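> Next one to model:
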Amino acid sequence: MTQRIKSHTGKKPVAINRDSPVAPAWPSFQGNSQFVGTSPSGRVTAYVDPTLGDPGLQNAQDLVNDADRVVAANDGIFGTTGGPVSVIVFALGGATDGTGGADHMGCDYTTGAAIEACASFGNSARVSALFEAELSECSMDGNLCGLSTGEALSRWCATVIGNNALADFSTAPQWAQDGEPDFVNQTDPTDQSADSTGCGMAFLSWLISQGFGLEKIAPAMVNLGDAGTLAQLYATLTADDAANAWPNFQNALQALPSGVNNDDPFGGLAQPTQMAHIAPWTVEMAGRVFAAILADVAAGRQPEQIVASVRAAMLPARKAKAVSGVCQPKSKRLLPPTTDRRTIKRA
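Numbering: from 1, shown residues only. Predicted structure coming up:
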């Protein structure tokens, strides 16, 4: 399921020359947002903190070049078409090696479309992976937000699409060291616990190794919603009784020759990609975009108006939810686990 990340090195980065759009309100960044560029599809607009100099600008430029690969792969995992997002690269938490993590707000493309990613000088692959971790939560459409299940899913999306560039964010080993508490039959109402996230990472690794790729796992988890458990996910995918999920998982863990040493103890990353190439929703979106462009050109509208129409046409259709209203922002900042604390705290 390897997804190649292209990073340009050895050349001085050059910001894309286009009219600078107005930056959105970011979750935490308060400085000057320097526009870097928009991906060819128009779906990702990137900014950078100019105080980072050329290394930070290179990270942001590489993200512009890689963004459409990331969003296309993310769409393939969730079986939906995501909306437009903005992302800023800066020294999140003061770090410039990616360990500052990433942040956004709600788990949809309305409240979560302003994404922050930590700079990672000389290693833009980590920036792409951090971006995907937050982008995947937007594709959850208000479900799984701030829960251990959603956190595990978003980290696995970042692992697959980001070529495991965030291996130091691993939480499954800590879960194993803490006695492997059962977060298969219960969902932890937080995305900040290394134990519950780690259990989810190991469990999804096991499912993926059994042939259930993320393109099957992600839609099933979103459909189960906030009340869903990993045991119910197992039952949905395998048609087996949910009560068998935990004991079968435990048996598989005991059979591991080297135990749990990373977030993919069952080698799920070695499984081939099983995503569909062209889905009906992709064709439908292409038709909307083409129609919007034709209408704007015929009306003699300005380029910036055409871009706005294209972005509006790319917004996904909203699904009816049991509770009305927009997803309340519950997602917390993605950070690697600390060595002395069980709970990952927000900086």
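
> In a strand, Ala117, correct?
Yes. Ala117: assigned to a strand according to DSSP: H, G, I helix; E, B strand; the rest coil.

> Check what pLDDT it gets.
Listed pLDDT for Ala117 reads 98.

> any idea how far it lies from Ala220?
Separation of Ala117 from Ala220 (C-beta to C-beta, to the nearest Å): 28 Å. Every residue, glycine included, has its C-beta placed from N, CA and C.

> Compare these two (neighbour count), which wins?
Each of Ala117 and Ala220 has its neighbours counted (other C-beta atoms under 10 Å); Ala117 has more, 31 against 17.

> any weak-confidence spans in the stretch 101-250 of the chain?
Within the stretch 101-250 of the chain, the set of residues satisfying pLDDT under 70 is empty.

> Mind telling me what element the residue nearest to Gly259 when sequence neighbours are not counted is part of?
Nearest residue to Gly259 in three dimensions, chain neighbours excluded: Ala176, at 6.5 Å (C-beta to C-beta, 6 or more residues apart in numbering). Per DSSP states H and E: Ala176 is located in helix 172-177.

> ditto for Glu137
helix 124-138.

> Can you name every helix or strand that that helix contacts?
On a contact count with 3 or more C-beta pairs under 8 Å, 6 or more residues apart in numbering; DSSP states H and E, helix 124-138 meets helix 53-78, strand 85-90, strand 102-103, strand 114-118, helix 148-161.

> got those as CSV, with distance to Ser136 columns?
Putting those into CSV (distance: least, C-beta to C-beta, whole Å) gives the following:
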stretch, distance to Ser136
helix 53-78, 6
strand 85-90, 11
strand 102-103, 11
strand 114-118, 11
helix 148-161, 4
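
> Looking at those, spot the one closest to Leu256.
Leu256 lies closest, by C-beta to C-beta, to one member of these: helix 148-161, at 18.1 Å.

> Now do the contacts for the residue nearest to Gly259.
Gly198, Ala202, Leu253, Gly259, Val260 (C-beta atoms under 8 Å, 6 or more residues apart in numbering).

> what residues go with each domain of the chain?
As assigned by automatic domain parsing, the chain contains the domains 34-142, 167-270, 281-314.

> Can you tell me which of those domains is nearest to Pro337?
Taking the domains of the chain one by one with C-beta to C-beta, domain 167-270 is closest: 4.4 Å.

> Any idea how many residues pack against Gly267?
Neighbours of Gly267 (other C-beta under 10 Å): 12.

> wait, what's in contact with the closest residue to it other than its chain neighbours?
Of all residues not flanking Gly267 in the chain, Ser209 sits nearest, at 5.7 Å (C-beta to C-beta, 6+ apart). Contacts for Ser209 (C-beta under 8 Å, 6+ apart) come out as Phe266, Gly267, Gly268, Gln271.

> What separation do you get for Ser209 and Phe249?
On the measure of C-beta to C-beta, Ser209 and Phe249 end up 11 Å apart.

> are any of the contacts of Ser209 buried, and which?
Phe266, Gly268, Gln271 (16 or more other C-beta atoms under 10 Å).

> so Ala119 touches Pro55, yeah?
Yes. With contact defined as C-beta atoms under 8 Å, Ala119 reaches Pro55; the gap is 7.1 Å.

> got any residues that touch both of the two?
What both Ala119 and Pro55 touch, as defined by C-beta under 8 Å, 6+ apart, is the set Thr96.

> Neighbour count for the two, which is higher?
For Ala119 versus Pro55, neighbours defined as other C-beta under 10 Å are more numerous around Ala119 (28 against 14).

> List phi and psi for that one.
phi -60, psi 150 (degrees, to the nearest 10).

> same thing with Cys145?
Torsion angles at Cys145 (phi, psi; degrees, to the nearest 10) stand at phi -70, psi 120.

> rewinding a little: between the helices and strands packed on helix 124-138, which gets nearest to Pro40?
Nearest of the helices and strands packed on helix 124-138 (C-beta to C-beta): helix 53-78, 5.9 Å.

> What is the nearest of the buried ones among the contacts of Ser209 to Thr99?
Gly268 (24.0 Å).

> list the contacts for the residue lying closest to the closest one once chain neighbours are set aside?
In space, and not counting its chain neighbours, Gly268 is closest to Ile208: 3.2 Å by C-beta to C-beta, 6+ apart. Shown in contact with Ile208 (C-beta under 8 Å, 6+ apart): Trp156, Leu214, Ile217, Phe266, Gly268, Leu269, Gln271.

> mind putting those in CSV, secondary structure included?
Below are those laid out as CSV (three-state DSSP):
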residue, secondary structure
Trp156, helix
Leu214, helix
Ile217, helix
Phe266, coil
Gly268, helix
Leu269, helix
Gln271, coil
